[in-house]
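**Q** Fold the following and give me the result.
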Amino acid sequence: MYLVVNIIGIFVFLVIAFAFSKNRHNIKWRSIILMLVLNLVLAWFFTSFSVGTDIVKGAAEGFNWLVAVAYQGIAFALSSWVHVKQMDFVTSALLPILLIVPLFDILTYIGILPFIIKWIGRGLAVITGQPKFESFFAVEMMFLGNTEALAVSSLQLKQMKAERDLTLAMMSMSCVTASILGSYTQMMPGQYILTAVPINIINAIIVTNLLNPLTVTPEEDTIARMTGSNAAANETDGPAKKEPFFSFLGDSILGAGRLILIIAANVIAFVALAALIDKILMLVNPWLTLEHILGIIMFPFAWLTGLSVDDAFKFAQFMGTKLVTNEFVVMGKVTGSINNYAPHFKAMLTVFLTSFANFSTVGMIIGAFKGLVDKEKNDLISANVGYLLLSGILVSLLSAGIVGVFVW
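**A** Down below sits the predicted model:
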């Protein structure tokens, strides 16, 4: 019965996207069905076949190895933070970013990462029949992050029509960044974290094609800007001049430090604000808390992922908390108990949390577009905040539901 509900839930999430579509007559159903089948095959392969599970487990172990290497640098400077029985959130999850971000930036600097992004993006465009740049961007944002991917695509954003920029804004709600996956795998099952990444890429395209279907002519279907190593150039131009390597590396390390401070500040502030709201609500009724309220609101969607009533309410609370705070807040809450949950619950919760889809990300995306495009395009994106949130929520639900079909 629960499997049937899970399958029905996937179609309900797609129907919700269809119901809110800006132009239902323009939806390319063949492409949508092809991408949905592709995602089901990927989820099946990564969760049900020994080769697939070995691939994602190997990738997760690779990130864990990088984190272990990062601990050597942390221990040199802050040995009392590492050589303890239980490391705190900042040490175990955030400080390794100081190694992982520069590593991915170096891969970008020497051209390896842009090459991978470009060709995977082109391959995805051929397979799915989607426009080249949207496919390229879907892969790009999973490696670089949403605001970074937007920044290096500024020329493209300026040249494209406003409706395509809105599609990219909606897609940006569902991204993660490869440099932060090591932090995720320290708190949640790495197998499902790494499974969620490619599935999120394709679901972001599916959902945005349902919510904001567009016709892109061959003349418009070009990539004006290719990701470069700290700079980008038009395909017909030569690559932009690189800054000196150690200047670039210093900026990368400083950027990683700022990222740690931003995440830590957000987690501290959001947890404290949520606690304050709970204290105020409990003055009205001891049962009344933010998690309970969010659990009630999100319960129908959680139940549609094939959970029992009790588990669905718990899952709904985590979903709501993640949307109003961020994924790190929920991961910090469940990291000690996640392996005690049933396989289906554990897999879906991990996949749902593997994205930046929350209210604060909306502000980041709007802020990024303000600095990159003209007022007309920015006003269109600002006027569609609801669509940005809906896109992020539906992609997370769809990814969790698809993976959940194969894990029980």
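
**Q** Run through the stretch 1-150 of the chain and note the low-pLDDT ranges.
**A** By pLDDT under 70, the low-scoring segments of the stretch 1-150 of the chain are 83-89, 92-93.

**Q** The stretch 201-350 of the chain now?
**A** Checking the stretch 201-350 of the chain against pLDDT under 70 turns up 223-241.

**Q** could you pull out the helices for it?
**A** Assigned by DSSP state H, counting those that start in this stretch, the helices in the stretch 201-350 of the chain fall at 245-284, 290-303, 309-324, 327-334, 343-353.

**Q** out of those, nearest to Y387?
**A** helix 309-324 (15.1 Å; CB to CB). Just so you know, the C-beta spots here come from the backbone N, C-alpha and C atoms, and that holds for glycine as well.

**Q** For that closest one, name the packing helices and strands.
**A** Helix 309-324 is packed against helix 245-284, helix 290-303, helix 327-334, helix 343-353, helix 385-404, with contacts defined by 3 or more CB pairs under 8 Å, 6 or more residues apart in numbering; DSSP states H and E.

**Q** again, only this time at 10 Å
**A** With contacts taken as 3 or more CB pairs under 10 Å, 6 or more residues apart in numbering; DSSP states H and E, helix 309-324 sits against helix 245-284, helix 290-303, helix 327-334, helix 343-353, helix 359-370, helix 385-404.

**Q** Make sure S183 is indeed in a strand.
**A** No - under DSSP: H, G, I helix; E, B strand; the rest coil, S183 falls outside any strand and is assigned helix.

**Q** Quick check, it in contact with L99.
**A** No - at 11.3 Å, S183 and L99 do not qualify as touching, with contact defined as CB atoms under 10 Å.

**Q** Give me the more crowded residue out of those two.
**A** When neighbours are counted by other CB atoms under 10 Å, S183 and L99 differ, and S183 comes out ahead with 25 against 20.

**Q** That one: what's it in contact with?
**A** Residues near S183 by CB atoms under 10 Å, 6 or more residues apart in numbering: 63, 67, 89, 92-97, 100, 193, 260, 263, 327-328, 331.

**Q** Pull the contacting residues for L78.
**A** L78 neighbours (CB under 10 Å, 6+ apart): 91, 95.

**Q** again with M364
**A** 145-147, 150, 172-173, 262, 356, 358.

**Q** export those residues to JSON lines and tack on secondary structure, distance to V139 and neighbour count?
**A** Listed next are these as JSON lines, based on DSSP: H, G, I helix; E, B strand; the rest coil; distance: CB to CB, whole Å; neighbours: other CB atoms under 10 Å:
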{"residue": "G145", "secondary structure": "coil", "distance to V139": "13", "neighbour count": "23"}
{"residue": "N146", "secondary structure": "helix", "distance to V139": "13", "neighbour count": "26"}
{"residue": "T147", "secondary structure": "helix", "distance to V139": "16", "neighbour count": "20"}
{"residue": "L150", "secondary structure": "helix", "distance to V139": "14", "neighbour count": "26"}
{"residue": "S172", "secondary structure": "helix", "distance to V139": "13", "neighbour count": "29"}
{"residue": "M173", "secondary structure": "coil", "distance to V139": "16", "neighbour count": "29"}
{"residue": "I262", "secondary structure": "helix", "distance to V139": "24", "neighbour count": "11"}
{"residue": "F356", "secondary structure": "coil", "distance to V139": "16", "neighbour count": "23"}
{"residue": "N358", "secondary structure": "coil", "distance to V139": "22", "neighbour count": "24"}
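
**Q** what are the phi and psi angles of I110?
**A** I110 has phi and psi values of phi -90, psi 0 when expressed as degrees, to the nearest 10.

**Q** ignore the last one, A17
**A** The phi/psi pair for A17 (degrees, to the nearest 10) is phi -60, psi -40.

**Q** burial count for it?
**A** 22.

**Q** Kindly report the same for V41.
**A** 10.

**Q** Check the gap between it and V82 for me.
**A** 41 Å (CB to CB, to the nearest Å).

**Q** ditto for M331
**A** Distance from M331 to V82, by CB to CB: 20 Å.

**Q** So for the two, which sits in the more crowded spot?
**A** M331 (25 against 17).

**Q** Could I get the contacting residues of that one?
**A** Per CB under 10 Å, 6+ apart, neighbours of M331: 89, 93, 183-184, 186-188, 193, 267, 318, 322, 338, 349-350, 353-354.

**Q** Tell me the one among the residues you listed nearest to H292.
**A** Taking the contacts of M331 together and measuring to H292 by CB to CB, the closest member is F318, at 12.4 Å.

**Q** if we can go back for a sec, between the contacts of S183, which is closest to A302?
**A** Among the contacts of S183, E327 lies closest to A302 (CB to CB), at 16.2 Å.

**Q** Count the neighbours of the closest one for me.
**A** Neighbours around E327, by other CB under 10 Å: 25.

**Q** Quick check: nearest residue in space to it, chain neighbours excluded?
**A** Nearest residue to E327, sequence neighbours excluded (CB to CB, 6 or more residues apart in numbering): L353, at 4.5 Å.

**Q** The one you found touches K346, doesn't it?
**A** No - here L353 lies out of contact with K346, judged by CB under 10 Å, at a distance of 11.1 Å.

**Q** Those two - which one has more neighbours?
**A** More crowded of L353 and K346, by other CB under 10 Å: L353, with 28 against 20.

**Q** rewinding a little: got the helices and strands packed on helix 309-324 as TSV, with distance to I55 columns?
**A** Listed next are the helices and strands packed on helix 309-324 as TSV, based on distance: least, CB to CB, whole Å:
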stretch	distance to I55
helix 245-284	27
helix 290-303	29
helix 327-334	23
helix 343-353	16
helix 359-370	29
helix 385-404	15
